[in-house]
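**Q** Need a 3D model of the following:
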Amino acid sequence: MNDPASRGKRLASRYAALQLAAAAAVAVGAAVMSGAPAARAALAGGVVVATGNLLFGWLLFAPGAAAAPRIARAMWAGQGLKWLWVVTAVWLALGVMTLSPLPFLLGMLAAQAGFWVGIAFLR
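**A** Residues are numbered from 1 along each chain as shown. Modelled structure (predicted):
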């Protein structure tokens, strides 16, 4: 269980967990300030970002130790799938499910901030 692919996937999962924790903190604040619908919207925003980064990480690390062109293809595939997911999920959340936009975007922002904290502290 020490191969590069599994290590990378575990790291991506830890980043996603940190992102969800940051979004959950914002969701608690949103629940206190505006109620349960705002908390659900904030948590949904965090789930969108964390899921997108998890998809990217899993695809990026899937080849394991491989040649640079294969890693580059995995990176581009991961980025493309992540952005397809994010755009579709934001459309569904704001257009179809009509979640509250401000808490949703704050949850997305908190999840992204969780990623940046992870860069500083996770290895």
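
**Q** do you know how far the residue nearest to the spatial centre of the chain is from S13?
**A** Compute the mean C-alpha point of the chain, and by CA atoms, centre = their mean the closest residue is A50, 1.6 Å away. Using CB to CB, to the nearest Å, A50 is found at 10 Å from S13. Every residue, glycine included, has its C-beta placed from N, CA and C.

**Q** same deal with G52?
**A** Distance of G52 to S13, computed by CB to CB: 14 Å.

**Q** Next: I71.
**A** As judged by CB to CB, I71 and S13 stand 19 Å apart.

**Q** same deal with L92?
**A** Distance from L92 to S13, by CB to CB: 24 Å.

**Q** try A24
**A** Per CB to CB, A24 is found 16 Å from S13.

**Q** who has more neighbours, those two?
**A** A24 (19 against 14; other CB atoms under 10 Å).

**Q** distance of the more buried one from A111?
**A** As judged by CB to CB, A24 and A111 stand 10 Å apart.

**Q** anything in contact with each of the two?
**A** With contacts defined as CB atoms under 8 Å, 6 or more residues apart in numbering, the residues adjacent to both A24 and A111 are G46.

**Q** and L18, how many neighbours?
**A** L18: 21 surrounding residues under other CB under 10 Å.

**Q** Secondary structure element holding it?
**A** Take DSSP states H and E as the rule and L18 turns out to sit in helix 4-34.

**Q** Can you tell me which helices and strands the next helix or strand along the chain from that helix packs against?
**A** Scanning forward in sequence from helix 4-34 by DSSP H and E, the next helix or strand is helix 36-61. Here helix 36-61 touches helix 4-34, helix 68-91, helix 101-121, going by 3 or more CB pairs under 8 Å, 6 or more residues apart in numbering; DSSP states H and E.

**Q** Cheers, nothing more for now.
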